[in-house]
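>>> I would like to see how this sequence folds:
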Amino acid sequence: MADPLSPSPIPEAPAALREVVGWHGAWALAVVLAAIALAFIAPGAPWTSWCALAAGLAPACVAAALIKQDSAQRRLVVLASWAAAAVLAAGLSGGVAGPLAVWCVAPLAVAAVLGGGRPLAAGASLSLGAFALVGLAQAIGWVAPAPPRAASFDLGLLGVSTTCLGLAAALVMLRRRLNQRNDAHGVINADLHALLLRQPHLILVLDPAGRASAAYGSPPPGVSADRLFAEGLSALVNEDRREDLAWTLSTSHEDGEGALHFQLAGSADTWLDLELRRLDETRLIATLADATAGRLREAALEASRDRADALNLGKSRFLANMSHELRTPLNAIMGFSDIMRQKIFGALPGRYVEYADLIHDAGSHLLDLINDVLDMSKIEAARYELSLERLDAREPVQAALRLMRLQADDVGVQLRGVLPSQPLDADADRRALKQIALNLISNALKFTPRGGLVSITMRASAGMLDLSVADTGVGISKADLERLGRPFEQAGDVSLQAQGTGLGLSLVRAFAELHGGEMSIESRLGEGTAVTVRLPVLVTEEEVAAAAEPNPPSAGGQVIAFNPQR
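Next up, the predicted model:
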């Protein structure tokens, strides 16, 4: 923060410091010479005259010592000491009419020596205050009588000469410093101007119409600075983008900034970036840069992304199209193993029955994994279509609970369902709802230790169907929470990750979003996890009434047809 007493840097160079010290030394020397002259001219001068000379000598010595380590506080002390010395000297030599009253101007001269500006204002104030104090003291009668004529003449000559010469020297020093600062500013301005001319972009000062009044820097290829002065920015823009340019100029004047990326008129390969800032009420400052290289990089990145998307989409379509080929042989394996398990064609040795059970269980597990992969592939390939129907939303959830109860008993986890007692009419995909419940319950059972609890809750809330599965399991870390919900991302240790494909929660999220809903996860390590799916699928009372209407409304009304497969 700037010094309150130094609007511009005080002369800190050795030469400037010598000037300040020299000024005070010259003042002290003049006072000493005046004292010698007084001793010869008026040897019987009163003691008050000698004290007045001492008062004029003291601040010059104090200032010469303090100014070597300059600061705002030291300057203030110096100016105050000069004001106090002037009041004392004038009071000891006859007051306002005395020969040394002129020394009250000394603070102003010292302020000019110190650098001007705020110190100059402080010095002027102190000088006026000194005069006022001397006048007040004289009115009260606190001043000494004027010295004899000879002494008065010597002191008066000293006061006038030191004050006038001091002011003149101070003004010369102040003028020299101003010239030095102006020269330094001129050098800085010249350097800035050279930098502006050599910087790689084109900087323009524009009027409201977009015509240039000043230009600095290197114009982009194909851009003529002379044309910008004559025709403005519109000369660089194709006709179909001139409205965009006018809007950008207007917005920049109103909002203070704007930007435009455009193709150079008459060139198919050159692109330009224009950035605008408001300079004042009638002018804008703009930078014009060549954006061709960036455009080429952007096009290359877009092409690479399109190729990657095409490859990923091709993979998803391939897997989606392989649905029949993958499921058909697996269904045959499961069917034949089931025939062997049930001994339809006769008894089998005990070990073969065990092998048939293992084949059937492995096939069921493999079919579940394949179904997850195929469903996700269809969703990614945008080929999964919901089969919407009017249903009681509790039914698919209850079916999922029945299927998972045996698995819960096997792992020693209590499975509890909290469902409404009244039907929840919804327009939804039955299989998707069941799959959401199955995946959430399966995940909860996998992460809940023996003796724990998994509860599934369904309710209507603010017109939304809320399905929540909570467990008392190990919980999920914050780092894993950020990844879950993306395909093939799993949480937990290696043994738990080996039990699935990492598609369960991603399928739940995808099915929820296909219904226009969302999925959220809340978890804390060691305390369990709660996954909530919110679906806007509930049927309003008006829709139920309209579906049950036996006859269409009268003419002029709205006909609402119920389509269970909409």
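>>> Go ahead and measure how far the helix or strand where residue 31 lies is from the middle of the chain.
For residue 31, the enclosing helix or strand under DSSP states H and E is helix 14-41. From the chain centre to the centre of helix 14-41 is a distance of 61 Å (C-alpha atoms, centre = their mean, to the nearest Å).
>>> Got the phi and psi for residue 423?
Main-chain torsions, residue 423, degrees, to the nearest 10: phi -60, psi 150.
>>> swap that for residue 275, please
phi -120, psi 130.
>>> Quick check, it in contact with residue 285.
No. Residue 275 is beyond contact range of residue 285, at 9.3 Å (criterion: C-beta atoms under 8 Å). To be clear about C-beta, it is placed using only N, CA and C from the backbone, and glycine gets the same treatment.
>>> coming back round to it: what about the helix holding residue 31, average pLDDT?
Mean pLDDT, helix 14-41: 74.
>>> Give the buried residues for it.
Residues of helix 14-41 classed as buried: 16, 19-21, 23-24, 27-28, 30-31, 34-35, 38 (neighbour count, 16 or more other C-beta atoms under 10 Å).
>>> can you check stretch 441-458 too?
Quick answer for stretch 441-458 (16+ other C-beta under 10 Å): 441-448, 452-458.
>>> One more: stretch 252-265?
Those would be 252, 253, 258, 260, 262, 263, 264, 265, for stretch 252-265 by 16+ other C-beta under 10 Å.
>>> which residues are contacting that stretch?
Stretch 252-265 has contacts (C-beta atoms under 8 Å, 6 or more residues apart in numbering) with 208, 220, 222-223, 235-238, 241, 244-245, 248-249, 251, 270-278, 284, 291.
>>> Let me know the closest of the buried residues of stretch 441-458 to residue 154.
Ranked by distance to residue 154 (C-beta to C-beta), these are led by residue 447 at 106.2 Å.
>>> re the thing from before, in strands, which of the buried residues of stretch 252-265 appear?
Taking DSSP state E, the ones among the buried residues of stretch 252-265 that sit in strands are 258, 260, 262, 263.
>>> which SS class is residue 333?
Under the three-state scheme (DSSP: H, G, I helix; E, B strand; the rest coil), residue 333 adopts helix.
>>> Spit out the contact partners of it.
Residue 333 neighbours (C-beta under 8 Å, 6+ apart): 359, 363.
>>> model confidence over stretch 93-109, on average?
80.
>>> how about it as CSV, C-alpha atoms only?
Output of stretch 93-109 as CSV, limited to C-alpha atoms (Å, rounded to 0.1, in the frame of the first residue of the first chain):
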residue,chain,number,x,y,z
SER,A,93,12.0,37.3,18.2
GLY,A,94,8.9,39.4,18.5
GLY,A,95,6.0,37.3,17.1
VAL,A,96,4.3,37.8,13.7
ALA,A,97,5.9,41.2,13.2
GLY,A,98,9.4,39.9,14.3
PRO,A,99,12.3,39.3,12.0
LEU,A,100,12.1,35.5,12.1
ALA,A,101,8.3,35.1,11.5
VAL,A,102,9.1,34.3,7.9
TRP,A,103,10.5,31.0,9.1
CYS,A,104,6.9,29.8,9.5
VAL,A,105,7.1,29.1,5.7
ALA,A,106,10.0,26.6,6.3
PRO,A,107,7.7,23.5,6.6
LEU,A,108,6.4,24.2,3.1
ALA,A,109,10.0,24.5,1.7
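>>> quick check: domain ranges of this structure?
14-191, 202-290, 296-380, 388-537 (automatic domain parsing).
>>> Lowest mean pLDDT across these, which one is that?
When I compare the domains of the chain, domain 296-380 is least confident, with a mean of 72.
>>> Wasn't residue 469 part of a strand?
Yes. Assessed by three-state DSSP, residue 469 belongs to a strand.
>>> From what I see, residue 440 and residue 456 are in contact.
Yes. Counting by C-beta under 8 Å, residue 440 touches residue 456, with 7.3 Å between them.
>>> So for these two, which residues contact both of them?
467, 469.
>>> Helices along the stretch 1-150 of the chain, start to end?
14-41, 47-66, 72-92, 106-114, 118-140, 149-198 (DSSP state H, counting those that start in this stretch).
>>> I'd like those helices laid out as TSV, including distance to residue 370.
Shown next, in TSV, are the helices of the stretch 1-150 of the chain (distance: least, C-beta to C-beta, whole Å):
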stretch	distance to residue 370
helix 14-41	89
helix 47-66	92
helix 72-92	83
helix 106-114	90
helix 118-140	85
helix 149-198	67
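>>> ok, and which of these has the densest surroundings?
When you average the neighbours per residue for each of the helices of the stretch 1-150 of the chain (mean count of other C-beta atoms under 10 Å), helix 106-114 leads with a mean of 28.
>>> In contact with residue 314, which residues are there?
Taking C-beta under 8 Å, 6+ apart as the definition, residue 314 has no contacts.
>>> and if you look at residue 538?
393, 424, 425, 426, 460, 463, 464, 465.
>>> need the contact list for the first one.
Shown here is residue 393, whose contacts under the criterion C-beta under 8 Å, 6+ apart are 424, 425, 426, 428, 433, 458, 465, 537, 538.
>>> Tell me which helix or strand the closest residue to residue 235 other than its chain neighbours sits in.
Excluding its sequence neighbours, the residue lying closest to residue 235 (C-beta to C-beta, 6 or more residues apart in numbering) is residue 227, at 5.1 Å. Assigned by DSSP H and E, residue 227 belongs to helix 225-230.
>>> That helix: which residues count as buried?
225, 228.
>>> got it, and stretch 402-410?
404, 408.
>>> you'd agree residue 467 is up against residue 537?
No. With contact defined as C-beta under 8 Å, residue 467 does not reach residue 537; the gap is 10.4 Å.
>>> Extract the CA atoms of stretch 131-151 and return them as CSV.
What follows is stretch 131-151, C-alpha atoms only, in CSV (Å, rounded to 0.1, in the frame of the first residue of the first chain):
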residue,chain,number,x,y,z
PHE,A,131,1.5,31.4,11.6
ALA,A,132,-1.7,30.9,13.5
LEU,A,133,0.0,29.7,16.6
VAL,A,134,2.4,32.6,16.6
GLY,A,135,-0.4,35.1,16.1
LEU,A,136,-2.4,33.5,19.0
ALA,A,137,0.6,33.5,21.3
GLN,A,138,1.2,37.2,20.5
ALA,A,139,-2.4,38.0,21.2
ILE,A,140,-2.1,36.3,24.6
GLY,A,141,1.2,38.0,25.3
TRP,A,142,3.4,34.9,25.3
VAL,A,143,6.0,36.2,22.8
ALA,A,144,9.3,37.9,23.6
PRO,A,145,9.8,41.5,22.7
ALA,A,146,11.6,42.3,19.4
PRO,A,147,15.4,42.5,19.6
PRO,A,148,17.3,45.8,19.2
ARG,A,149,17.5,47.3,15.7
ALA,A,150,20.9,45.9,14.8
ALA,A,151,20.1,42.4,15.9
